[in-house]
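*Asks:* predicted structure and sequence below. I'll ask about it afterward.
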Amino acid sequence: MRPALLILALSAGAAAAEPDITGTWDYQGRVEAVRDINTNKPPAVPEVQALFDKRARLAAAGVTRRVANMLCLPTGFPSMMQWKSPIVVLQTKGRVTIISEHDPGNDEPRTIYLNKTMPAELDPSWNGYSVARWEGDTLVIQTAGLNDRGGVFGLPRGESTKITERLFLQDGGKTLIDQVTVNDPKTLTKPWTVTLKYSRMPEDTERFEAVCEPDLEALRATDLAALKETDVEAARMLDPALAYNPGGR
Amino acid sequence: MRAKLIAAVAALLPLAAATGADAHHSFQMFALDRLETVNGTVKSFRWAMPHAWITVTVPSKTGGAPEEWGFEGHAPNLMARKGWKFNSLKPGDKVAILMHPMRDGSKAGSIVHVTLPGGPAALERRLSERPMIVLRHD
């Protein structure tokens, strides 16, 4: 009885000590590359470097916009946590929820389940499946089950992509740091860490709607075939097997 | 005018690093190294995704017919955090618009801030490290 009570007391104490990350957080950029995106480049495998080179050639020719952006598809995790508009973090029983206000994509809330193990089989999704636990003052989050449509800091992604985050407060709770380590043998030669920084906004900060409007004019002007190797949504649109609601035609 | 701008969007260069890769379009069509002020009268204010637009009637410098200029803002949710509202401007308002002009010289620009005469000075804000559109009053 006594040891059980002691354990209960200890765990209750640990729960009470959890940092308060609930709030509205203003994205400040990447710690490694706030101004210069060319620092902290990913250790990309040759196939991915070739993809980057192809995209760079297209960009030089004036083609920079993604089809996903024209269609207002979600940007997915981690892009949904990196925008000029803030994120809302909510700590509730058993989960942490992150709500985006990322206007170029209609992003879903991201759910991070606490004290749960990663399911063996995952249905690939835009934000993936996230499980986490507190290690002292750091929330350690594991994410898998990402679909192959969004990107991870410009890298392609999919079933082989595993992401570990270390989320913690700094500056007496005024700053939130998210160290995002990407593991993916298909795209990277070794794990790669990108650190995201956020500033706490006042409690009365309002959230605004930011519903993305599809740009069908831009889509009509886009040569999908020319982009099929560099833009996954262009390739999908050209694939009859992936047509919108095929059984409904 | 807007159709012309939208057409220009197709030929854009990559976004500045700080703005990320997923914006609706690049701001390279604007001369971001140049700042000019245009004074005129608001004809319309479009407060909608993906970008707010202000159409302004500007007196001709050469004594000809008044010119119509278009000025692009950010997404409404981003502008709202800088003090803008859906009804911040109305037709007939006299405005001074500080903007980055179009590289090709067409009558449009990217808004840095808009000054309305006669309001509280408290709304005035300096441009920050992350330049955003600001509504201010003289």
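*Replies:* Structure received.
*Asks:* dihedrals phi and psi, A:P43?
*Replies:* phi -80, psi 80 (degrees, to the nearest 10).
*Asks:* leaving out chain neighbours, which residue sits closest to it?
*Replies:* Using Cβ to Cβ, 6 or more residues apart in numbering or on different chains and skipping the chain neighbours, the partner closest in space to A:P43 is A:T189 (4.6 Å). (Each C-beta comes from the backbone N, C-alpha and C, glycine too.)
*Asks:* strands of the chain, residue ranges please.
*Replies:* You didn't pick a chain, so chain A it is. A:23-30, A:87-92, A:95-99, A:110-114, A:129-135, A:138-144, A:162-170, A:175-183, A:192-200 (DSSP state E).
*Asks:* wait, I meant chain B there
*Replies:* According to DSSP E, chain B carries its strands in the segments B:36-46, B:53-58, B:67-72, B:94-101, B:108-116, B:134-137.
*Asks:* let me know the average pLDDT across stretch B:40-56.
*Replies:* For stretch B:40-56, mean pLDDT is 94.
*Asks:* likewise stretch B:83-102?
*Replies:* The average pLDDT for stretch B:83-102 rounds to 89.
*Asks:* turn the strands of chain A into TSV, including mean neighbour count and distance to chain B.
*Replies:* Converted to TSV, those look like this (neighbours: other Cβ atoms under 10 Å in any protein chain shown; distance: least, Cβ to the nearest Cβ, whole Å):
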stretch	mean neighbour count	distance to chain B
strand A:23-30	20	7
strand A:87-92	18	13
strand A:95-99	18	13
strand A:110-114	19	16
strand A:129-135	17	21
strand A:138-144	20	19
strand A:162-170	18	18
strand A:175-183	19	15
strand A:192-200	19	11
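*Asks:* the ones you listed: which one's closest to B:M29?
*Replies:* Nearest to B:M29 among those is strand A:23-30 (23.9 Å), distances taken as Cβ to Cβ.
*Asks:* that closest one to strand A:95-99, inter-axis angle?
*Replies:* 70 degrees (axes from the mean of the first three to the mean of the last three Cα atoms, to 10 degrees).
*Asks:* list the helices and strands strand A:23-30 packs on?
*Replies:* If you count contacts as 3 or more Cβ pairs under 8 Å, 6 or more residues apart in numbering or on different chains; DSSP states H and E, strand A:23-30 packs onto strand A:87-92, strand A:192-200.
*Asks:* just checking: what are the partner strands of that strand?
*Replies:* Strand A:23-30 has the following sheet partners, assigned by DSSP bridges: strand A:87-92 (antiparallel), strand A:192-200 (antiparallel).
*Asks:* what angle separates it from strand A:175-183?
*Replies:* 60 degrees.
*Asks:* can you tell which of the strands of chain B is closest to chain A?
*Replies:* Taking Cβ to the nearest Cβ, strand B:36-46 is the member of the strands of chain B nearest to chain A, at 12.0 Å.
*Asks:* show residues contacting the closest one.
*Replies:* Strand B:36-46 has contacts (Cβ atoms under 8 Å, 6 or more residues apart in numbering or on different chains) with B:52-59, B:68-69, B:71, B:88-101, B:109.
*Asks:* partners of it, with directions?
*Replies:* By DSSP bridges, strand B:36-46 pairs with strand B:53-58 (antiparallel), strand B:94-101 (antiparallel).
*Asks:* Serialize these to a markdown table and add fields for distance to A:Y129.
*Replies:* Shown next, in a markdown table, are the strands paired with strand B:36-46 (distance: least, Cβ to Cβ, whole Å):
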| stretch | distance to A:Y129 |
| --- | --- |
| strand B:53-58 | 40 |
| strand B:94-101 | 43 |
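*Asks:* nearest to A:Y113, out of these?
*Replies:* Closest to A:Y113 of the strands paired with strand B:36-46 is strand B:53-58 (Cβ to Cβ; 42.6 Å).
*Asks:* so which bits of that closest one are buried?
*Replies:* Using 16 or more other Cβ atoms under 10 Å in any protein chain shown as the test for burial, strand B:53-58 gives B:W53, B:I54, B:T55, B:V56, B:V58.
*Asks:* quick check: closest non-adjacent residue to the fourth one.
*Replies:* Of all residues beyond its chain neighbours, the one nearest B:V56 is B:G40 (4.0 Å), with distances taken as Cβ to Cβ, 6+ apart.
*Asks:* what about that neighbour, how many residues nearby?
*Replies:* Residues near B:G40, counting by other Cβ atoms under 10 Å in any protein chain shown, number 21.
*Asks:* roughly how far apart are it and A:D26?
*Replies:* Taking Cβ to Cβ, to the nearest Å as the measure, B:G40 falls 33 Å from A:D26.
*Asks:* next: B:K43.
*Replies:* Using Cβ to Cβ, B:K43 is found at 34 Å from A:D26.
*Asks:* please apply the same query to A:R55.
*Replies:* Separation of A:R55 from A:D26 (Cβ to Cβ): 29 Å.
*Asks:* and the nearest residue to A:R30 once chain neighbours are set aside, what does it touch?
*Replies:* Ranked by Cβ to Cβ, 6+ apart and with sequence neighbours excluded, the top spatial neighbour of A:R30 is A:V194, at 5.7 Å. Neighbouring residues of A:V194 by Cβ under 8 Å, 6+ apart: A:R30, A:E32, A:A33, A:N40, A:P78, A:F153, A:V180, A:V182.
*Asks:* now A:T222
*Replies:* A:R65, A:V67, A:M70, A:A234.
*Asks:* can you check A:E47 too?
*Replies:* Counting by Cβ under 8 Å, 6+ apart, A:E47 has no contacts.
*Asks:* mind checking pLDDT for it?
*Replies:* Note for A:E47: predicted pLDDT of 96.
*Asks:* what does A:G247 give?
*Replies:* Listed pLDDT for A:G247 reads 74.
*Asks:* same check, this time on A:D239
*Replies:* 91.
*Asks:* quick check: pLDDT value at B:G73.
*Replies:* 92.
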